[in-house]
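K.L.:
Quick one, structure for this:
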Amino acid sequence: MFKAIYLTKENQQFSAELKTLDEAQLPQEGDVLARIEYSSLNYKDGLAITNKAPVVRKWPMVAGIDCAGVVESSANPEFKPGDTFAVTGCGLGELHWGGLAQKARLRSEWMVRLPAPLNTKRAMGIGTAGYTAMLCVLALEKHGLKPSDGEILVTGASGGVGSVAIALLHKLGYRVIASTGKLAEKDYLKSLGASEVLDRSIFSAAGGRPLQKERFAGVVDSVGSHTLANACAQTNYNGAVAACGLAQGMDFPATVAPFILRGITLYGIDSGLSTKSLRIEAWRRLACDLDMAKLDAMIQEIPLPQTFAAAAEIVAGRVRGRLVVNVNAG
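P.N.:
Numbering: from 1, shown residues only. All right, here's what the predicted structure looks like:
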């Protein structure tokens, strides 16, 4: 028997509960049986658990788009009992039973063996948000951006993606400018490596000019909407913007001017279905390039029963850093 955050919808009636399930109820898809130690709470998890958006596409569902734990049995020789691993995305919590549970049956092609110095708690401190931040950094690097090219703007800076992006970029030598609606978190953001903290209203307001004064060599944006449009308008000639989120909205009220007059590039970042080779490389880089002390400082650990209250908080934008769920606590 194991505990899980269990979501159901019948006749349009939605339910989210902490439920005890039998291991025999686990879906049979997957070649690895795992004992989960930690999961994480991402914005998408908050939407699913509060039923604020149609995240879940198959019912009933165990919530949680991330998990990290220990292999109990495996039909794939790549993974052996006792191996520690992480899974982010890959349809967990949407099409496949997810990580906010004490047990999971997983497909080995989703799994990445954890490189040192990452343990299962730190892996979920990174989670989908931190993994996405790493993909954004890799996109900027692939574009050819170097620290000497200028400042990098990080929007939604106090959230999970933003926090990890700041820490990564700072360690890599970039000057990072953080945009946030929580100016009370200024000291926190500077402790992660932000050189300057700006009020998000500078970017989030509607009606910004299509081309604004150039400032940023690159951007990591998890906000979308007017924020993304204004960030593009302030990106330097031949700069790059990595877009990975929609906290302000899915719309993109911009013009083609920054793209055809300044030659900027907009990279769309999808972390859910990236190739295994990219996942392995991203986790390798996270283990090398993320300051573990800064990662530890951005983690807030909660027990499994607190997931419901925390889901409402993250959707309301009242969470700083990373929420890690100890699925065996509480």
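
K.L.:
How much space separates Ala311 from Arg105?
P.N.:
Plainly put, Ala311 is 24 Å away from Arg105 if you go by Cβ to Cβ, to the nearest Å. (Each C-beta comes from the backbone N, C-alpha and C, glycine too.)

K.L.:
same check, this time on Phe2
P.N.:
11 Å.

K.L.:
quick one on the thing from earlier: more neighbours: Ala311 and Arg105, which one.
P.N.:
Neighbour totals were compared for Ala311 and Arg105, and Ala311 leads with 27 against 18 (other Cβ atoms under 10 Å).

K.L.:
That one belongs to a strand, doesn't it?
P.N.:
No. Membership of Ala311 in a strand is not supported by DSSP: H, G, I helix; E, B strand; the rest coil, which gives helix.

K.L.:
residues in contact with it?
P.N.:
41, 45-46, 49-50 (Cβ atoms under 8 Å, 6 or more residues apart in numbering).

K.L.:
okay, it: pLDDT?
P.N.:
Turning to Ala311, the model gives it a pLDDT of 96.

K.L.:
The one 5 residues further on now?
P.N.:
Each residue has a pLDDT score; the one for Ala316 is 90.

K.L.:
before we move on, which element is Gly69 in?
P.N.:
Using DSSP states H and E, Gly69 maps to strand 66-74.

K.L.:
which strands and helices sit next to the helix or strand just after that strand?
P.N.:
Per DSSP H and E, the first helix or strand lying C-terminal to strand 66-74 is strand 84-88. Counting contacts by 3 or more Cβ pairs under 8 Å, 6 or more residues apart in numbering; DSSP states H and E, strand 84-88 packs against strand 66-74, strand 112-113, helix 120-143.

K.L.:
Most tightly packed of those?
P.N.:
Mean neighbour count (mean count of other Cβ atoms under 10 Å) peaks for helix 120-143 among these, with a mean of 25.

K.L.:
ok, then the element right after that one?
P.N.:
Downstream of helix 120-143, the first helix or strand assigned by DSSP H and E is strand 151-154.

K.L.:
mean confidence score for stretch 48-62?
P.N.:
Stretch 48-62 comes out at a mean pLDDT of 94.

K.L.:
first vs last residue of it, how far apart are they?
P.N.:
In stretch 48-62, first residue to last residue: 10 Å (Cα to Cα, to the nearest Å).

K.L.:
is Val241 in a bridge, and if so with what?
P.N.:
Val219, Leu266 (DSSP bridges).

K.L.:
Look up how far Leu273 lies from it.
P.N.:
Taking Cβ to Cβ, one finds Val241 at 21 Å from Leu273.

K.L.:
ok, these two, which is more surrounded?
P.N.:
Val241 (26 against 8).

K.L.:
was I right about the more buried one contacting Gly218?
P.N.:
Yes. Using Cβ atoms under 8 Å, Val241 is in contact with Gly218, at 6.9 Å.

K.L.:
how about the nearest residue to the residue nearest the centre of the chain, chain neighbours excluded?
P.N.:
Taking Cα atoms, centre = their mean as the criterion, Ala129 is the residue nearest the geometric centre of the chain, at 1.3 Å. With Cβ to Cβ, 6 or more residues apart in numbering as the measure, Gly160 is the residue that lies nearest to Ala129, at 2.9 Å, once sequence neighbours are left out.

K.L.:
per-residue confidence at that neighbour?
P.N.:
89.

K.L.:
Can you name the residues that contact it?
P.N.:
42-43, 127-130, 133, 321-323.

K.L.:
one more time with 10 Å, if that's ok
P.N.:
Applying Cβ atoms under 10 Å, 6 or more residues apart in numbering to Gly160 gives the contacts 40-43, 125-133, 222, 245, 298, 314, 319-323.

K.L.:
swap in Glu94?
P.N.:
Applying Cβ under 10 Å, 6+ apart to Glu94 gives the contacts 44, 48, 54-58, 61, 63, 65, 272.

K.L.:
Out of the residues you listed, which comes closest to Pro117?
P.N.:
Ile65 (23.9 Å; Cβ to Cβ).

K.L.:
Could you find the closest non-adjacent residue to that closest one?
P.N.:
Gly93 (4.3 Å).

K.L.:
Number of residues surrounding the one you found?
P.N.:
30.

K.L.:
does it really touch Pro60, like I thought?
P.N.:
No. Using Cβ atoms under 10 Å, Gly93 is not in contact with Pro60; the gap is 11.9 Å.

K.L.:
what touches both of these two?
P.N.:
Counting by Cβ under 10 Å, 6+ apart, the residues touching both Gly93 and Pro60 are Leu7.

K.L.:
returning to that earlier point: ok, the residue nearest to the centre of the chain touching Ala167?
P.N.:
No. Using Cβ under 10 Å, Ala129 is not in contact with Ala167, being 11.9 Å away.
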